[in-house]
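Colleague: Have a look at this fold, sequence not included:
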């Protein structure tokens, strides 16, 4: 039987509308915690070493890759995304633990 590995949800964001993005964050937090997610980093100080500089960086841990994917596809998270679109430029990746 194979071991279920956790997964990291990594987002790099440039916010252009703080009010709308705040609505996104409030609803997204509900979706993430409902799927077992826990925030490890959320918009704190950072050092850009390579690539695009996006000053809001978020890392959340999920109990599995499937849980992270289910969160993204959930009705609650999709509602949240409605507030993020047009209010931010985002990159989001889910990576399974080693």
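Modeller: That came in fine, so what should we check first? Every value quoted in this text rests on a predicted model; they were computed, and no experiment measured them.

Colleague: can you give me the helices in this protein?
Modeller: 18-34, 65-73, 75-84 (DSSP state H).

Colleague: now for the first one, which elements pack on it?
Modeller: With contacts defined as 3 or more CB pairs under 8 Å, 6 or more residues apart in numbering; DSSP states H and E, the packing partners of helix 18-34 are strand 7-15, helix 65-73, helix 75-84. For every residue, glycine as well, the C-beta is placed using N, CA and C.

Colleague: and the residue lying closest to residue 93 once chain neighbours are set aside, what are its bridge partners?
Modeller: Closest residue to residue 93 apart from its sequence neighbours, by CB to CB, 6 or more residues apart in numbering: residue 10 at 5.2 Å. Here residue 10 sits in beta bridges with residue 59, residue 93, going by DSSP bridges.

Colleague: do the one 5 residues further on as well
Modeller: Bridge pairing for residue 15 (DSSP bridges) gives the partners residue 88.

Colleague: so how many other residues sit close to residue 46?
Modeller: 13 (other CB atoms under 10 Å).

Colleague: Pull up the gap between it and residue 38, please.
Modeller: To residue 38, residue 46 is 19 Å away according to CB to CB, to the nearest Å.

Colleague: My read is that residue 14 contacts residue 88, right?
Modeller: Yes - with contact defined as CB atoms under 8 Å, residue 14 counts as touching residue 88 (6.2 Å).
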